[in-house]
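> Fold the following, please.
(chains A, B and C)
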Amino acid sequence: MEKVAIIGVGQTKYDRNSPLTFAELVFEATSKAIEDAGISKDDVDNIVSVSSDFWDGRTISSMAICDASNAFGKDITTVEGDGTFGALYGMMRILSGSFGVTIVCAHHKGTESSMNGITNCSFDPLVERKLGIDAVSSAAMQARRYMNKYGLLEEQFALVSVKNHGNAMRNPLALLPMEITVDDVMNSRKVADPLKVLDCSPVTDGACTIILAAERQAKKLTTNKKRVWMKGVGHCSDAFRLGDRDLADTRALKDAAKRAYAMAGIDDPRSDICFAEVYDAFSYMEPLWLEGLGICDDGMGCEYLERGYFDAGGKLPVNVSGGRLSANPVQAAGLYAMAECVLQLRGEAGKRQLKGVDTALVHGINGMCGQSHCVWVLGK
Amino acid sequence: MGLYEDKRKRTHTPEGYELLTQESGHLEYDFHWHLGYYWSKFLAELRDNQRFMAVKCPECGTVYMPPRANCGKCYVEMNDWVEVGPEGSLEGFTIVRFPYIDPNNGEMKQVPFTSIWVTLDGASTRMMHFCNEYDEKDLDVGMRMRAVWSEERTGSIHDVKYFEVIREKPAKKAAAKKPAKKAAKKAAAKKPAKRPAKKAAKK
Amino acid sequence: MGKRVGIIGVGQTHHAAKRLDASGVELIAEAVSRALDDAQLTMADIDAIVVGNMDHFENINYVDMWAVDGLGACMKPVFKVTTGGTTGTTVGACGYYHVASGLFDVVLAVGWEKNSESDTQAAITTCANPTLERDPFAGAIGPLATEYSMYMKAYGATEEDSARVAARDRNNALNNPYAHSRQAVTMEDVLNSPMLSYPVKFLDMCPRSDGSCAVIFAVEEKAKKLCPRPAWVHTSVVRHDYTHFGDLEWQFMPTLERASAQAYKLAGITNPLKEFDVAELYIPCSTCGVKWMDSLWFCDHGGAPKLIRKGTFEMNGQLPINPSGGVIATNPIGATGLIRVGEAAWQIMGKAGARQVKGAKKALCTGFGGCSWTDLMILGADLP
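As a prediction, the model looks like this:
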């Protein structure tokens, strides 16, 4: 299989009520990525945009950013889901041999409308929607199931929030960098039991672009320093209805991770992975997904957290960017996570730079309660 | 290809239960879109100065109406503002007679309404707006149009009430038709040069 | 490099104005099970799935998640692509790239729509920029009507020419058991039908339908084993060049010209009118069936009326267009583009029943939507 590299990244600063339009955000992120890669706009031959009609409030959401994404005269398509899936499609298009350089650009302006209404619409119209269920209330049910299954406590989940907001202090792009304590999290306003405000990710605006290149193009257009290789990827979806699956069973994630690790030649993720960016839309999700990723045994995520295993200075740092808890531009979030890993692997992560890292794990989710997962292994 | 059962005319299940539908009920959530630097300026100029501000690409010279942040073709940011209009040429029009739900307010759209594409003088691209004529016989591509401003302007495209046809006195009706033929001839003459066949071969 | 890919199975629902008997998921399941049947496969043989539709028609967010039961996607890789009217062909292209990448061997691509569940125009209207273009947006018909009136003026095309196209597609649909609208019409019937938006009349225009289409793509080695005559994908090209409706150039159909020029070059086609045996084109309105022939390089600008009047594109003509009845007979928007691919594939596979073009070896499919966007795919009986 030909290798594919990420050769450029561009990110806008996470924001709330950003005064910029979708197009302006995407133009900023994409121009930055093109400049970062050191290529010309004409070296790009196709674009995968990632956006959501629902979140944008207009159907054919990609229409808003055609000009802004350098799509004129080029092939373009749109994935509606997390940026990690968009990156996967971008990679497929290169491996097909039809294209050499792909722009993957995601945009999201969640603060322009109602997260509750929009996520309520992802539930079945006949029964579930009428219950008023949305992203937060469904996540609350998943959190409770996870707690019941393994005897976990809210205080343990709070550690994720403390860690990630704290990590965000070193990320100039972050929306919510905060030094907080477990008590702060426990005392924050209850949103949907057992979730409190500080257990939830904030509605965020942002756009992120990464540029992928086939090995032949990457070697021609960039230097070794800029290139981060896409070593393995896998994606898999679980059942739709919340009642059709055990919300604390990460079987779809395990399947996706297995595919990614096999492709990347990883036998033991615990020792082969140096650090990870995991989709912590809610605090409890971080340990839950880390179990599904095989970083720790089922039910052990919280114990590892308590031991500091996932701290920035720990054995396997997780979410040193601040994670989604510090900023969550839904569809763009996975792409931001990939961008962060690229910067870390290149040694360009500033104050949050991890030492001696060569293999990263990126995880994105789609759908409610992490129904579908996409797992990436990136390496230098 | 097998012979599959055609269930299109079914109204009941095989056991005799009536096939039901369900109304979604009223669902409404608002969006408050931010307009960014370019449209904020564009609308403010409509509201305060009754003029149309476009942007020009520094590389290809295309004058974009309405303005936007970057030129799609050249992929550069645009910061050269150019006033265009207030008159222009009618490039296309259609009179909509069938009503449908207006997504702005959930009510039925008022019909008929006339939607037009007008190239304001000095602009390269067309602007979409309304016209106050409702009979196809009275409109022709190539006619000269001018903006009619609303009394109350709030920073929206409705600050222009509509575009009206600039008509000479009835005696000069024959003369008024000329621009249409010219535009059509011009368009016909232009075509062969615009075909990108050679460009494709170069790639 | 990349793998070569063939289509080995296609499934369609019986398309209708309103499928009272099936929910969206059930419609998808109907198309998917028929596609598996056509390819003689089971769901266990499918390695990945891709789905597409236009969200606002059914108001369901994360459709790929909601439809897993119908898609067979539980514990399988799945994601969604969507690009408005071109969604169907975008889904087809996505299925192709899944397999061409070498990551998956057998991939299911599904397009669907239940247009009866909402006000189609209202939903489409939200595609326009809400601040600048939504209010004057005249719906899908507006721009198409305008461009034809200009074309008539410039080249002497007539309303009879477009009526001939409408009659062609509608009468072709009589051979298609899946088509939504199957009525025998004459040119006079079309010309006498109510005017919608000058010069487009009721019978010139496509309906909106409930329906789904599923296409199975397979990698070369498997396709050869599983299917006696796969429809090989020769190329896929997309041009979605415009962002604002006002940016469109009316004199010709620019994205179609550019996309087809590129596609013909990649597929080694120099005389499309001669080299294609059949075409399934996304013609939403019969006027497009006149004007856009120029942009497919079948003739010079303005040459289309002559070809139409000669009967070039009829079933017994030089290049039959839309033996299935096309979009004018069936239009479940998220599926429509994919139906073009599926029907063209059946033509090559020799499975098109009463609408089969004898000895079809090379087919052209197009998708249209959004801001005058074009998707294009070329299929062939021979390996590319």
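
> so how far is A:A207 from A:A106?
7 Å (CB to CB, to the nearest Å). C-beta coordinates here come from the backbone N, C-alpha and C atoms, glycine included.

> quick one, what contacts C:F298?
Taking CB atoms under 8 Å, 6 or more residues apart in numbering or on different chains, we find C:F298 in contact with C:P272, C:L273, C:A304, C:L307, C:T312, C:L319.

> Not counting sequence-adjacent ones, nearest residue to the first one?
I take that to be C:P272. Distances taken as CB to CB, 6 or more residues apart in numbering or on different chains put C:W297 closest to C:P272, at 5.5 Å, once the chain neighbours are dropped.

> Secondary structure class of the one you found, three-state.
Here C:W297 is recorded as coil under DSSP: H, G, I helix; E, B strand; the rest coil.

> Help me confirm that it comes into contact with C:T270.
No. Checked against CB atoms under 8 Å, the pair C:W297 and C:T270 is beyond contact range at 9.6 Å.

> Who has more neighbours out of the two?
A direct count of neighbours by other CB atoms under 10 Å in any protein chain shown for C:W297 and C:T270 places C:W297 higher, at 19 against 9.

> who are the neighbours in contact with that one?
The contact partners of C:W297, taken as CB under 8 Å, 6+ apart, are B:A197, C:E257, C:S260, C:A261, C:Y264, C:P272.

> helix/strand/coil for the second one?
The reference is to C:E257. helix.

> Give me the next element, helix or strand, following the strand ranked longest in chain B.
Counting by DSSP state E, the longest strand found in chain B is strand B:87-96. Using DSSP states H and E, the helix or strand that follows strand B:87-96 in sequence is strand B:113-120.

> could you check whether the helix or strand following that next one is close to chain A?
Reading on from strand B:113-120 to the C-terminus, the next helix or strand found by DSSP H and E is strand B:127-131. No. If you take CB under 8 Å from any CB of the partner chain as the test, strand B:127-131 misses chain A, and the best it gets is 13.9 Å.

> Could you look up the next helix or strand downstream of strand B:127-131?
Later in the chain than strand B:127-131, the nearest helix or strand by DSSP H and E is strand B:144-149.

> Now do the contacts for B:D48.
Counting by CB under 8 Å, 6+ apart, the residues that B:D48 touches are B:R153.

> which element is it on?
Assigned by DSSP H and E, B:D48 falls in helix B:36-49.

> That helix to strand B:144-149, inter-axis angle?
80 degrees (axes from the mean of the first three to the mean of the last three CA atoms, to 10 degrees).

> what's the spacing between the residue positioned nearest the centre of chain B and A:R241?
For chain B, B:M128 is the residue whose C-alpha lies nearest the centre (CA atoms, centre = their mean; 2.5 Å). Relative to A:R241, B:M128 is positioned 43 Å away (CB to CB).

> From A:P317, how far off is the closest residue to A:G314 other than its chain neighbours?
Nearest in space to A:G314, with sequence neighbours left out and distances taken as CB to CB, 6+ apart, is A:G308 at 5.0 Å. Using CB to CB, one gets 10 Å for the distance from A:G308 to A:P317.

> what bits of chain B have low per-residue confidence?
Chain B contains residues with pLDDT under 70 at B:1-2, B:169-203.

> List the residues that contact residue 240.
No chain in the question, so chain A it is. By CB under 8 Å, 6+ apart, A:F240 lies in contact with A:D124, A:G367, A:Q371, C:M65, C:W66, C:A67, C:V68, C:D69, C:C74.

> The intended chain is chain C.
Contacts for C:H240 (CB under 8 Å, 6+ apart) come out as A:S62, A:M63, A:C66, A:A71, A:I76, C:T83, C:T86, C:T255, C:G370, C:C371, C:W373, C:T374.

> where does the stretch 201-350 of chain C come near chain A, residue by residue?
C:S236, C:V237, C:V238, C:R239, C:H240, C:D241, C:Y242, C:T243, C:R258.

> And A:R307, how close does it get to chain B?
43 Å (CB to the nearest CB, to the nearest Å).

> Report pLDDT for C:D300.
C:D300 carries a pLDDT value of 94.

> Next, format the contacts of C:F298 as TSV and append secondary structure and neighbour count.
Converted to TSV, these look like this (DSSP: H, G, I helix; E, B strand; the rest coil; neighbours: other CB atoms under 10 Å in any protein chain shown):
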residue	secondary structure	neighbour count
C:P272	helix	19
C:L273	helix	16
C:A304	helix	26
C:L307	helix	20
C:T312	coil	18
C:L319	coil	21
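
> Quick check: the farthest pair among those?
C:P272 and C:A304 (13.4 Å; CB to CB).

> Enumerate the residues of chain A near chain B.
Neighbours of chain B within chain A, by CB under 8 Å from any CB: A:17-21, A:23-24, A:27, A:31, A:41, A:57, A:66-68, A:70-73, A:109, A:112-114, A:117-118, A:121, A:125-126.

> If burial is judged by neighbour count, which of these pass?
Taking 16 or more other CB atoms under 10 Å in any protein chain shown as the criterion, what is buried in the residues of chain A next to chain B is A:18, A:20-21, A:23-24, A:27, A:31, A:57, A:66-68, A:70-73, A:109, A:112-113, A:118, A:121, A:125.

> Check the burial of the one residue in the stretch 201-350 of chain A that gets nearest to chain B by counting its neighbours.
Closest approach between the stretch 201-350 of chain A and chain B, counting by CB to the nearest CB: A:D205, at 8.6 Å. A:D205 has 26 neighbouring residues, counting by other CB under 10 Å.

> nearest residue to it other than its sequence neighbours?
Ranked by CB to CB, 6+ apart and with sequence neighbours excluded, the top spatial neighbour of A:D205 is A:S18, at 4.0 Å.

> shouldn't the one you found be in contact with A:K109?
Yes. Using CB under 8 Å, A:S18 is in contact with A:K109, at 6.5 Å.

> Could you name every residue contacting both of these two?
A:L25, A:D205, B:H34.

> Take these and keep only those in helices.
A:L25 (DSSP state H).

> Let me know the closest of the shared contacts of A:S18 and A:K109 to C:G9.
Taking the shared contacts of A:S18 and A:K109 together and measuring to C:G9 by CB to CB, the closest member is A:L25, at 41.5 Å.

> got a list of what the closest one touches?
A:T12, A:S18, A:H107, A:K109, A:D205, A:G206, A:A207.

> Are we agreed that the third one is in a strand?
Yes. Judged by three-state DSSP, A:H107 forms part of a strand.
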